[in-house]
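>>> what's the 3D shape of this:
(2 chains)
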Amino acid sequence: MLSSLRHRLLLVIITLLGALALATALASLTAMKQDSQQQARQVLQVGANVFSQLLSDRTLQLGQSVQVLAADFGFRQAVATSESATIQSVLENHGSRIDAQLVLLLSPQGDLLASTRSELSEHQLSPLLQAAQQTSTSMLSTILPLTEQAYQLVLVPVRAPNIIAWVGMGFVLDDALAEQLKAITGLDISFVRHTAGQDIRLLTSTLNAQSEADWRADTMALADLTDEPSASQDQRYLTLSRPLEHAELWALLHLPNSRWLLNYQSMRSQLLGIFGVALTIALLVAFWLVRSITEPLQQLTNFARQLGEGKTTIDLPQARGEVGVLSNTLSQMQQRLAERERLLIEQAEQDALTGLYNRSAAECWLKDFAREHAGVLLLLNIRSFRHINDAFGLDTGDQLLQLLAGRIQQLSPTPLLSARVGGDEFLLVFAELPTALTELMAPLQAPYQLQQSSISLQLTLGYYRFTAHTAEPVVVSTLLRRVDIASANAKQLSEGIAGYQAGQDERHLRELTIIQDLPAALAADTLSICYQPKVSLRQQNCRAAEALIRWQHPSLGFIPPDEFIRLAEHTGHIELVTDWMLSKVIAQAALWQSSYPGLKLAVNLSPVDLIDEQLPARIQHLLDQARVPAKVLALEVTEGAVMQDPERVIRILRQLAELGIELAIDDFGTGHSSLAYLKLLPVHEVKIDRAFIKNIEHNSDDELIVEATSRLAKGLGFRVTAEGLENREGLAKLMTLGCDTVQGYYFAKPMPALDFERWLQQFQQTAVDYFSEDRA
Amino acid sequence: MTSCLRVFCACALASLVHFSATANDWRITVVDQAGKPLDDAVVELVALDAGSEAVAADVQQTSIRQQGLNFVPFVSAVQVGTEIDFPNLDRTRHHVYSFSPAKVFEIQLYHDRPEQPIVFDQAGIVALGCNIHDYMEAYVFISESNLVGVTDPDGQFHFSQLSAGRYQLRVWHPFQLDEMLTVIITLDGSSESAQFSLSVQHRPKQPTPQRGFGA
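This is a model prediction of the structure:
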């Protein structure tokens, strides 16, 4: 999940914003809390200052009141009388005038002369008075604890006009005062007395008894609270202490915690709300921002992916900046890719020379077409195109192909498909077979003007009708093979036009099987050799045999040698066959050398073998290996084989002859032999083809031919052998016609080596019988 | 000399000091603790030797004026039995009183001159005040002796025609901080001077009269 840019960006932004908001909120809240606390303390401090000021103002007011009383003449007169009863009376009287709860009179020296409260003792006041005498003030004040109450005491001198006494008046620090102070300072006020070693005693308070418990727990060290209020969180009050003018007396000022806490809490909720909203907005903006960045990127990614897969269905994002540049680049890239792809497809589908479809494109097209349509495949070939190339040069050949391609495209009817599928092969597809194929080909074969010469082309045409392959899958290779077969057939025909016939394909497949299996069969020795005796008419014995190859194919059964030899010649396998044959026959000759001395075994050579310069050396090598003399081996070649390249063939034949190998012309009389060559051939024997022999007893023409041939051969010094003798009558004829040796079913059909051996032994005894008149 | 006297002042109520003074004149100077001349100090000599007493004079008369909303003079020294008149020279009335034990009296609001002077028939110190002008104050030192006087602005008082002999000297000032200075001195007839020092707390003797009802 974290691998995508979007998620990572989001994570980073959320983390940063969250941390920032958290840190800011924490810092702000802490600061706010401290600020609120500080404000509460300030309120308390200010209240305390106001409180102190109020107390001192009160002292002044009281002092002035007392001064006025003390200046009263009657009061002074009474004091001057020194009569204690009078003095007591005047103190009570004047004290009540200003609601003093305590009135006392001191001598100028500080002796207590009279007091309205008997608990008061001199020593409580004398230090005060002494201090007063030092400074000659006109008023003294103090706060005195007396019993369970504290008194604000004001002392003023009584002058007559010298100081004749000090009169003091005390005012209780009572609830009323505390309430009054509370009304002004806004703080709850308590007056307490703390005698060393005792509990704090509450003198009066604006708090109720329940609240008192809330501050009392933590305010034992009164002196510590003068500057810094108690700030314990679980208390309901912040409390600040103020020392009064007596060591044991303190004023306590209380501020309810709830006041600043409520303030703080409401601010906190507001702030948290603001932070929450701000964070949400910031996250939304961040989300939008990330989306605005990653969405075009995502689209680009998708686009690039589709580009990679070779398809483009989505539009590129219209964006500015880097994404825009990337977008444009990708877009250009896509166009270039499409251009290149088009070129590639063109090059892949087109034949570079002619501009027609090439083979693979044609196959693709055909595969699609044949699925739903019936049609005709035409395969055009140029006869002997190689010769044209040789004669006019490759460039001209290419130009010729281009011109031909041009004419093909202008054919009428126009082919559905025209493709060049080989060097000089063109594949055309029509919906149905044109009625006149020769007319179709006429314009193609019309002379081409090239290099100041007029070149005519001979074309061959194979065609194949196919049906729509609606049910079965289209196998293009089959279609092409069939038209290929037709084409191959057409090449064999002079008119050069052939259609595919049903079954040709099967034959073709059989040939393919043979071609494929032959080398393996040779290697595995699954082929066999049969020997057909060649009987000497003069000696009436058998001193030679022709070795004939036999192949029992595991699935195809017996395969006629003509068939697979022809295929081997076409496919270049004939050399394998010849070598196998030679080695087997030479080995057999080696075996028979002792028991049948003078037995000569003949092997047929293919025309292909006869242009192989290495053949003499290979045969010599085989003979040497088997330790047999060359005279046990005879080789048979056809007339046609000699005619393909007479000079070379004659040279090779001479080399073979020089080795001591007897050579025979096979199937004499069927080929287009040139008698001029015949005299040059280093052969010892001529074999007259069976076509002339098999009916020789009835056919005088044959007889004539055989006689002439025999005479000719003999004239040239060749031995004459007749093939295909089937009956006693034939034998008699041949004997009169001058043949030297005969082979044929009359004596024996070709036989495996063991059978041949057995026949040979039997023939030695019964040879005469074959020649007797009685033999049927 | 001064420091010597101070020692006496500090440690004895009565002690003997010999002055080789002539029998005629003796000048006494009173200074404050800073050595500045102290006026309005009362000096009193009481002859201790028989025969050396001064002859008692007739009934003496003097006055203490109320002038400029003040008593003038600030300090008076009189012999017992002296009649003191309190003429009021101001346009306002005054209410002169004394609660001092030596002479308690009251002359209620009056103009010009009271009907009769007050006889100070008992030795002691009387503080005078005015009930309607609280700041007004004056002192009367009533002495058994006729050898009594008040120092001038130079802090001096001159005794003349004194016979030689032993005397008790008392020096008093309204602002003094300590007990009254009492020493025994012996005068041998030759003219001499002496200086005494008092610790006082200075304050305005004649405060500016307050006018109107301002602070």
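>>> Contact residues of chain B facing chain A?
Chain B comes close to chain A at residues B:97-100, B:104, B:127-131, B:134-137, B:139, B:174, B:201, B:203, as judged by CB under 8 Å from any CB of the partner chain. Using the backbone N, CA and C atoms, a C-beta is placed for each residue, glycine as well.
>>> Can you list the low-confidence ranges for the chain?
You didn't say which chain, so I picked chain A. Applying pLDDT under 70 to chain A flags the ranges A:1-3, A:132-136, A:209-220, A:223, A:231-235, A:312-314, A:316-317, A:319, A:671-674, A:774-776.
>>> You answered for a different chain; I wanted chain B.
B:1-24, B:50-59, B:189-191, B:206-215.
>>> quick one: the helices in chain B?
Using DSSP state H, the helices found in chain B span residues B:2-11.
>>> Quickly list the domain ranges of it.
B:2-41+B:157-198, B:61-143 (automatic domain parsing).
>>> Looking only at residue counts, what's the top strand in the chain?
All of this refers to chain A. Longest strand in chain A, counting residues (DSSP state E): strand A:541-553.
>>> Switch to chain B, please.
strand B:133-143.
>>> need the contact list for the most centrally placed residue in chain B.
Chain B has B:Val42 as the residue nearest its centroid, 3.2 Å off, counting by CA atoms, centre = their mean. Listed by CB atoms under 8 Å, 6 or more residues apart in numbering or on different chains, the contact set of B:Val42 reads B:Val75, B:Ala77, B:Phe141, B:Ser143, B:Val148, B:Gly149, B:Val150, B:Arg170, B:Val171, B:Trp172, B:His173.
>>> what's the distance between it and chain A?
15 Å (CB to the nearest CB, to the nearest Å).
>>> The closest residue to A:Asp579 other than its chain neighbours: neighbouring residues, count only.
Once flanking residues are discounted, A:Asp579 sits nearest to A:Arg618: 7.0 Å by CB to CB, 6 or more residues apart in numbering or on different chains. Residues near A:Arg618, counting by other CB atoms under 10 Å in any protein chain shown, number 16.
>>> And the one 4 residues further on, by the same measure?
Applying other CB under 10 Å, we find 18 other residues in the vicinity of A:Leu622.
>>> Quick check: it touching A:Leu582?
Yes. Under the criterion of CB atoms under 8 Å, A:Leu622 makes contact with A:Leu582 at 5.6 Å.
>>> doesn't A:Glu703 make contact with A:Ile696?
Yes. A:Ile696 lies in contact with A:Glu703 (CB under 8 Å); the separation is 5.7 Å.
>>> Pull up the overlap in contacts between the two.
Contacts common to A:Ile696 and A:Glu703, judged by CB under 8 Å, 6+ apart, are A:Lys733, A:Leu737.
>>> follow-up on the earlier one: how about the longest strand of chain B: buried residues?
B:His133, B:Tyr135, B:Met136, B:Glu137, B:Ala138, B:Tyr139, B:Val140, B:Phe141, B:Ile142, B:Ser143 (16 or more other CB atoms under 10 Å in any protein chain shown).
>>> What of stretch B:83-96?
B:Glu83, B:Ile84, B:Phe86, B:Pro87, B:Asn88, B:Asp90, B:His94, B:His95, B:Val96.
>>> Kindly export stretch B:185-197 (C-alpha atoms) in CSV.
Output in CSV follows, covering the C-alpha atoms of stretch B:185-197 (Å, rounded to 0.1, in the frame of the first residue of the first chain):
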residue,chain,number,x,y,z
ILE,B,185,27.0,73.4,91.5
THR,B,186,29.4,75.5,93.7
LEU,B,187,30.1,79.1,92.8
ASP,B,188,33.2,80.7,94.3
GLY,B,189,32.5,84.3,93.4
SER,B,190,34.5,84.8,90.3
SER,B,191,32.6,85.5,87.2
GLU,B,192,32.3,82.4,85.1
SER,B,193,30.2,80.8,82.4
ALA,B,194,29.0,77.2,82.0
GLN,B,195,27.5,75.2,79.2
PHE,B,196,25.0,72.4,79.4
SER,B,197,23.7,70.1,76.8
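>>> Could you check how many residues crowd around A:Arg510?
Neighbours of A:Arg510 using other CB under 10 Å come to 16.
>>> so how far is A:Gly557 from it?
According to CB to CB, to the nearest Å, A:Arg510 and A:Gly557 sit 11 Å apart.
>>> just A:Pro443 next, same as before
48 Å.
>>> what about the two, which has more around it?
More crowded of A:Pro443 and A:Gly557, by other CB under 10 Å: A:Pro443, with 12 against 8.
>>> farthest residue from the center of chain A?
A:Thr81 (125.1 Å).
>>> Return the list of helices and strands in contact with the helix or strand encompassing A:Val277.
Secondary structure assigned from DSSP states H and E places A:Val277 in helix A:257-309. In this structure, helix A:257-309 packs against helix A:5-70, strand A:237-243, helix A:321-349, with contacts taken as 3 or more CB pairs under 8 Å, 6 or more residues apart in numbering or on different chains; DSSP states H and E.
>>> This completes my enquiry, with thanks.
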